[in-house]
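Asker: No sequence on hand, only this structure:
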């Protein structure tokens, strides 16, 4: 079961699914996907992060027979980590791409909320097109300058199709400022956890190394030639990891 990132959709995994199919494995894994709260019609944003995790757990049970191999990217990885913490019986192992474990002090949470507030205001004040144009200029996504134009166009189309109010609610209620601190969970995970980062995503590479240094139970894989979004920057390498 795969969970996309903020501003993504179930179709954000298409390049990875295609690469898995093209690999010609005798028994390729079936990549099931779920939309995050606020990212599809009929999938509302619950009141808080924990309620969102519980909503995903219920939807996962309806789709598949647990335990499942769980994949998550960015916000989807953080929600996947929440599932490991709140519903470990649903998960056999988890692969977390560009995952933050949560902030461990109130000051950091306030600062993050202050950073997110202008994005929320932009969504509500100027709408989805203005938000997407600004969001795609973030330094975090600079490595995507070399991604093929059709992939970037598909990503932009996904973003532009979202309801701005629902995205605003997702950022307000499910953003890093509202996520519980899962650092203790990562130090003693109840099941196998694998961290994945694009090698060019310096911030998350450093974070992943710190997390692995604190917990020998974790593994970290770096995908060459990729930044923060391996789903479009390195889908073949990510598919190979899934098949390995």
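Answerer: Received it, and whenever you're ready, just let me know what you need. Being a predicted model, the structure only gives us computed values, none of them experimental.

Asker: mean confidence score for stretch 160-177?
Answerer: For stretch 160-177, mean pLDDT rounds to 98.

Asker: meant to ask about stretch 210-220, not that
Answerer: Stretch 210-220 comes out at a mean pLDDT of 95.

Asker: Endpoint to endpoint, that stretch covers what distance?
Answerer: End-to-end distance for stretch 210-220: 10 Å, by C-alpha to C-alpha, to the nearest Å.

Asker: Go through it and flag the buried ones.
Answerer: By neighbour count on 16 or more other C-beta atoms under 10 Å, the buried set for stretch 210-220 is 211, 215, 218, 220. In short, each C-beta sits where N, CA and C put it, glycine included.

Asker: same deal with stretch 187-195?
Answerer: For stretch 187-195, by 16+ other C-beta under 10 Å, it's 189, 193, 195.

Asker: can you give me how far the helix or strand hosting the last one is from the chain middle?
Answerer: Assignment of secondary structure by DSSP states H and E places residue 195 within strand 193-198. Relative to the mean C-alpha coordinate of its chain, strand 193-198 is positioned 11 Å out (C-alpha atoms, centre = their mean, to the nearest Å).

Asker: That strand pairs with which strands, and in what direction?
Answerer: strand 91-97 (parallel), strand 219-223 (parallel) (DSSP bridges).

Asker: which residues does residue 136 contact?
Answerer: If you count contacts by C-beta atoms under 8 Å, 6 or more residues apart in numbering, residue 136 has them with 156, 159.

Asker: Show residues contacting the helix or strand hosting residue 118.
Answerer: Assigned by DSSP H and E, residue 118 belongs to helix 106-126. Residues outside helix 106-126 that contact it (C-beta under 8 Å, 6+ apart) are 103, 130-131, 134-135, 164-165, 167-168, 171-172, 175-178.

Asker: What is the nearest of those to residue 50?
Answerer: In terms of C-beta to C-beta, no member of these lies closer to residue 50 than residue 178, at 9.5 Å.

Asker: What sits closest to that closest one if chain neighbours are left out?
Answerer: Spatially, and ignoring its direct neighbours in sequence, residue 178 is nearest to residue 49 (5.1 Å; C-beta to C-beta, 6 or more residues apart in numbering).

Asker: Likewise for residue 203?
Answerer: residue 140 (7.8 Å).

Asker: Can you tell me which of the buried residues of stretch 210-220 end up in strands?
Answerer: residue 220 (DSSP state E).
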